[in-house]
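Trainee: after the sequence you'll find the predicted model.
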Amino acid sequence: DGGITQSPKYLFRKEGQNVTLSCEQNLNHDAMYWYRQDPGQGLRLIYYSQIVNDFQKGDIAEGYSVSREKKESFPLTVTSAQKNPTAFYLCASHARNYGYTFGSGTRLTVV
Amino acid sequence: LAKTTQPISMDSYEGQEVNITCSHNNIATNDYITWYQQFPSQGPRFIIQGYKTKVTNEVASLFIPADRKSSTLSLPRVSLSDTAVYYCLVGDAPGSSNTGKLIFGQGTTLQVKP
């Protein structure tokens, strides 16, 4: 089955550490996105990429970094500069005439 | 992308029809209206999409008046498993070039009671 796989499902980070969240898709979609969701809130865009080797900042990019070396992969790194990283992170992809598909999310907690 | 306004929460009982209305006064001519459903700790899932009048699928119906400044998601005979957050989004036109991002509001939290 085609879809988006996010890993890990749960992630714990110590303060001052960088952590990387994985997002892989086998849908052959060109565009991929990272969203952050806080309790009781909607989704906020962190970064997005419309083609390989290119990406743009979303509304809350500070403290995060991404790469898009392959069409299938769009990893998100939460750096130590992100002061409040505890949240639910969602990856999505998009293709013309297909719409948006979301992964099942990664819950990051700072300990 | 047009801004949307939805009720924060709604309650219903099993077997009832639920209608959730979304306002999008600044919708553009080429914009479509799309609804997503999200369960706790999961990613949003596509429910239905439309441009005007009425669209129906196996899950829901979408009613869009002629001025397109609002839309209503209708869920027939809800069950406990329909308890979720429902998001209304404007701008994801099928077949269009990638617009780059979706704008999610807070959505409507629907609580279905026994």
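Mentor: Right, received. Where do you want to start?
Trainee: count of residues packed around B:Leu80?
Mentor: Neighbourhood size, B:Leu80 [other CB atoms under 10 Å in any protein chain shown]: 11. Bear in mind the C-beta positions are built from the backbone N, C-alpha and C, glycine included.
Trainee: who's in contact with the closest residue to it other than its chain neighbours?
Mentor: Distances taken as CB to CB, 6 or more residues apart in numbering or on different chains place B:Val112 nearest to B:Leu80, at 5.3 Å, with adjacent residues excluded. Residues near B:Val112 by CB atoms under 8 Å, 6 or more residues apart in numbering or on different chains: B:11-14, B:18, B:78-83.
Trainee: parallel or antiparallel, which strands does the strand or helix carrying B:Val112 pair with?
Mentor: Assigned by DSSP states H and E, B:Val112 falls within strand B:108-113. Neighbouring strands of strand B:108-113 in its sheet, by DSSP bridges, are strand B:9-13 (parallel), strand B:84-90 (antiparallel).
Trainee: any buried residues in that strand, and which?
Mentor: Residues of strand B:108-113 classed as buried by neighbour count (16 or more other CB atoms under 10 Å in any protein chain shown): B:108-110, B:112.
Trainee: partner residues bridging residue 70?
Mentor: Chain wasn't specified; assuming chain A. A:Ser73.
Trainee: right idea, wrong chain: chain B
Mentor: In beta-bridge terms (that is, DSSP bridges), B:Ser70 pairs with B:Ser23.
Trainee: residue contacts, the closest residue to B:Asn25 other than its chain neighbours?
Mentor: Closest residue to B:Asn25 apart from its sequence neighbours, by CB to CB, 6+ apart: B:Lys69 at 5.0 Å. Going by CB under 8 Å, 6+ apart, B:Lys69 touches B:23-25, B:27.
Trainee: who in chain A is up against chain B?
Mentor: Residues of chain A lying close to chain B (CB under 8 Å from any CB of the partner chain) are A:4, A:30-31, A:33, A:35, A:40-45, A:48, A:50, A:56, A:58, A:88, A:90-92, A:94, A:96-97, A:99-105, A:107.
Trainee: so how do I select the buried members of the residues you listed in PyMOL?
Mentor: Here is the PyMOL command that picks out the buried ones among the residues of chain A next to chain B, judged by 16+ other CB under 10 Å:
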select buried, chain A and resi 4+31+33+35+42+43+44+45+48+50+58+88+90+91+92+94+99+100+101+102+103+105
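Trainee: okay, and which of the residues of chain A next to chain B map to strands?
Mentor: Using DSSP state E, the subset of the residues of chain A next to chain B located in strands is A:4, A:31, A:33, A:35, A:43-45, A:48, A:50, A:56, A:88, A:90-92, A:94, A:99-102, A:107.
Trainee: how many neighbours does the residue in chain B that chain A sits nearest to have?
Mentor: Residue nearest to chain A within chain B: B:Gly43 (2.9 Å; CB to the nearest CB). Look at B:Gly43: counted by other CB under 10 Å, it has 22 neighbours.
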